[in-house]
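A.B. asks: Quick one: sequence plus predicted model below, questions after.
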Number of protein chains: 2
Amino acid sequence: MKQIVLLVFVAFAAMGCTQQKSPEVPEVDEKAITGTIIALEKEALGRWYSGDPDGFLELSAEDVTYMDPALNNTIVGLDNLKKYYEPIRGMVQSNHFELENTQVITNGNLAVLNYNLRNYAIDSQSQWNCTEVYRLEADGKWKIVHTHWTHYTPKQ
Amino acid sequence: MKQIVLLVFVAFAAMGCTQQKSPEVPEVDEKAITGTIIALEKEALGRWYSGDPDGFLELSAEDVTYMDPALNNTIVGLDNLKKYYEPIRGMVQSNHFELENTQVITNGNLAVLNYNLRNYAIDSQSQWNCTEVYRLEADGKWKIVHTHWTHYTPKQ
């Protein structure tokens, strides 16, 4: 009798543990994340080239850090980025831009997007390189935590 | 008797499950990772400013992507980065450089370093912004998978 009780106990204990085991870490769906990140970036760029910096500002986290060639000190924090963008509100316009060589490096909750930007506006053609670091927040939304822009300057 | 057996079973089953529960995901030691990444970067920079690009090349992964202001197309892959660096081997020299505003964003196996670089060489003072994306490889070593350099160009 004792042996039967013991066997039943072991069997039930094993079953219980199997059922309550923590779930496997889900595989990272790089393709889906890549699509999501590029769509977010394109939407923000579309607003940017309509003179509206709020697309990028709404997409940026409170603790965002920001670099571009006109800065030799990183901008730290969303409030400071808002102040930096405010004077150019309404000034940046383009009706034709393209992203080339897009790449997203991700491990599931950080995603690093980088691309070459071609701006084909009639009076302000320019080329830029961009790196954006997105972080998946607790509410399931991706936010930019680091931005780095380079203006392409051909070697003389 | 049955009740006692049942109680003992429930108690043991609960104990067994608690002990066999999958381990918690280890907390990310951001401080340790930050220290490691900055040390790797400084070592590579030290070699860079001695004319030796191999520090960065040895630290870069086969699938690295690379951007700087002289490029309007991303360099993809270590072999292409080697070709790009080769002509400047021995040419970059500085006996005094500093990293300022260093930041490492990490969630465990990706780490994004960014900083402002001050090069105080007597005949070639310059300032740069840098973003480096490091990935923790299966062998436990960190490798650069994305590099982005900006040369600071004050607004006219």
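C.D. replies: Arrived safely.

A.B. asks: Check whether residue A:57 really touches residue A:79, as I assumed.
C.D. replies: No. When contacts are counted by C-beta atoms under 8 Å, residue A:57 is not listed as touching residue A:79 (10.1 Å). The C-beta positions use only the backbone N, C-alpha and C, and glycine is treated the same way.

A.B. asks: what about the two, which has more around it?
C.D. replies: residue A:57 (17 against 11; other C-beta atoms under 10 Å in any protein chain shown).

A.B. asks: Need the three-state assignment for that one.
C.D. replies: helix (DSSP: H, G, I helix; E, B strand; the rest coil).

A.B. asks: And the residue nearest the centre of chain A?
C.D. replies: Chain A has residue A:134 as the residue nearest its centroid, 2.3 Å off, counting by C-alpha atoms, centre = their mean.

A.B. asks: which residue ranges form the helices in chain A?
C.D. replies: A:2-20, A:30-48, A:54-59, A:78-85 (DSSP state H).

A.B. asks: Just the buried positions in the shortest one, please.
C.D. replies: Meaning helix A:54-59. Using 16 or more other C-beta atoms under 10 Å in any protein chain shown as the test for burial, helix A:54-59 gives A:55-57, A:59.

A.B. asks: One more: the last one?
C.D. replies: Along helix A:78-85, these residues count as buried under the neighbour rule (16+ other C-beta under 10 Å): A:78, A:81, A:85.

A.B. asks: want to throw the buried residues of helix A:54-59 into a markdown table with distance to residue B:114 and pLDDT?
C.D. replies: Converted to a markdown table, these look like this (distance: C-beta to C-beta, whole Å; pLDDT from 0 to 100):
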| residue | distance to residue B:114 | pLDDT |
| --- | --- | --- |
| A:55 | 22 | 98 |
| A:56 | 17 | 98 |
| A:57 | 19 | 98 |
| A:59 | 18 | 98 |
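
A.B. asks: May I see these organised as JSON lines, with distance to chain B added?
C.D. replies: Compiled in JSON lines, the buried residues of helix A:54-59 are given as follows (distance: C-beta to the nearest C-beta, whole Å):
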{"residue": "A:55", "distance to chain B": "21"}
{"residue": "A:56", "distance to chain B": "17"}
{"residue": "A:57", "distance to chain B": "19"}
{"residue": "A:59", "distance to chain B": "16"}
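
A.B. asks: okay, and the helix or strand of chain A with the least pLDDT?
C.D. replies: None of the helices or strands of chain A scores lower by mean pLDDT, DSSP states H and E than helix A:2-20, at a mean of 44.

A.B. asks: Quick check, residue A:60 in contact with residue A:81.
C.D. replies: Yes. At 6.3 Å, residue A:60 counts as touching residue A:81 under the criterion of C-beta under 8 Å.

A.B. asks: Could you pull out the residues contacting both of these two?
C.D. replies: residue A:66 (C-beta atoms under 8 Å, 6 or more residues apart in numbering or on different chains).

A.B. asks: so where's chain A uncertain?
C.D. replies: Residue ranges of chain A with pLDDT under 70: A:1-26, A:156.

A.B. asks: mind redoing it with 50?
C.D. replies: Along chain A, the parts satisfying pLDDT under 50 run over A:5-23.

A.B. asks: Report the separation between the closest residue to residue A:144 other than its chain neighbours and chain B.
C.D. replies: Closest residue to residue A:144 apart from its sequence neighbours, by C-beta to C-beta, 6 or more residues apart in numbering or on different chains: residue A:60 at 4.5 Å. Applying C-beta to the nearest C-beta, to the nearest Å, the value for residue A:60 to chain B is 13 Å.

A.B. asks: Now do the contacts for residue A:60.
C.D. replies: By C-beta under 8 Å, 6+ apart, the contact set of residue A:60 is A:66, A:78, A:81, A:143-145, A:147.

A.B. asks: Which one of these is nearest to residue B:95?
C.D. replies: The closest of the contacts of residue A:60 to residue B:95 turns out to be residue A:66 (C-beta to C-beta; 30.8 Å).

A.B. asks: what about stretch A:103-115, near chain B?
C.D. replies: Yes. Judged by C-beta under 8 Å from any C-beta of the partner chain, stretch A:103-115 comes into contact with chain B at A:103, A:105-107, A:109-110, A:112, A:114-115.

A.B. asks: Going by neighbour count, which of those residues are buried?
C.D. replies: Taking 16+ other C-beta under 10 Å as the criterion, what is buried in those is A:103, A:105-107, A:110, A:112, A:114-115.

A.B. asks: Out of the buried residues of helix A:54-59, flag the one nearest to residue B:123.
C.D. replies: Nearest to residue B:123 among the buried residues of helix A:54-59, with distances taken as C-beta to C-beta, is residue A:56, at 38.7 Å.

A.B. asks: and the gap between the nearest residue to that closest one once chain neighbours are set aside and residue B:108?
C.D. replies: Counting by C-beta to C-beta, 6+ apart, residue A:56 lies nearest to residue A:44, which is 4.7 Å off, once chain neighbours are set aside. Distance, residue A:44 to residue B:108, by C-beta to C-beta, to the nearest Å: 27 Å.
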